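here you go, sequence then predicted model.
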Amino acid sequence: AGSSLGAYISAITSLKVPVKGLFLMVPPTTMGPMPALDAAPVPISVVHAWGDELIPAAEVIRWAGERSARLLLVDDGHRLSHHVEASAQAFEALLRSL
């Protein structure tokens, strides 16, 4: 699990370290010269904000769709500060599904 840079690190790490699932909040699909966001083929849940001022929602929608990830889009900004409870519920749903 991770948010923003933490989501990127979690996803990339999952390619080398076995995980049962991934919970990614506002994940950057690119990180400058670093490899594009990728993840192990495990259940993935993503929470992203329509109004994210750093990471366009369209990029995350495309990325999540390519992996058939569960995706929750909320009316918020990069910090997801108005959707803490919704994020917690999405995390709980992923854990229960595992």
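Received the coordinates, thanks. As the structure is a computational prediction, the values presented were derived from the model and not from experiment.

find the residue at the geometric middle of this protein.
The centroid of the chain falls nearest to residue 24 when counting by Cα atoms, centre = their mean (2.6 Å).

can you verify residue 72 is assigned to a strand?
Yes: assessed by DSSP: H, G, I helix; E, B strand; the rest coil, residue 72 belongs to a strand.

that one touches residue 90, doesn't it?
Yes: counting by Cβ atoms under 8 Å, residue 72 touches residue 90, with 5.1 Å between them. Every C-beta, even on glycine, is put in place using the N, C-alpha and C of the backbone.

okay, and the common contacts of the two?
When Cβ atoms under 8 Å, 6 or more residues apart in numbering defines a contact, the residues bordering residue 72 and residue 90 alike are 45, 47.

okay, the two: which has more neighbours?
Counted by other Cβ atoms under 10 Å, residue 72 and residue 90 do not tie: residue 90 has more neighbours, with 20 against 17.

show me the contacts for the more buried one.
Per Cβ under 8 Å, 6+ apart, neighbours of residue 90: 23, 45, 47, 70, 72.

what comes up buried for stretch 52-59?
52, 55, 57, 59 (16 or more other Cβ atoms under 10 Å).

could you measure from the closest residue to the last one other than its chain neighbours over to residue 91?
Excluding its sequence neighbours, the residue lying closest to residue 59 (Cβ to Cβ, 6 or more residues apart in numbering) is residue 29, at 4.5 Å. Relative to residue 91, residue 29 is positioned 21 Å away (criterion: Cβ to Cβ, to the nearest Å).

residue 97 too?
For residue 97, the distance to residue 91 - Cβ to Cβ - is 11 Å.

higher neighbour count, these two?
Between residue 97 and residue 91, counted using other Cβ under 10 Å, residue 91 has the larger neighbour count: 16 against 11.

sorry, back to before: sec struct for the residue nearest to residue 59, please.
Assigned with three-state DSSP, residue 29 falls in the coil class.

need the longest helix for this structure.
If you go by DSSP state H, the chain has its longest helix at helix 84-97.

avg pLDDT for stretch 32-43?
In this model, stretch 32-43 carries a mean pLDDT of 97.

before we move on, what about stretch 71-90?
Averaging pLDDT along stretch 71-90 gives 98.
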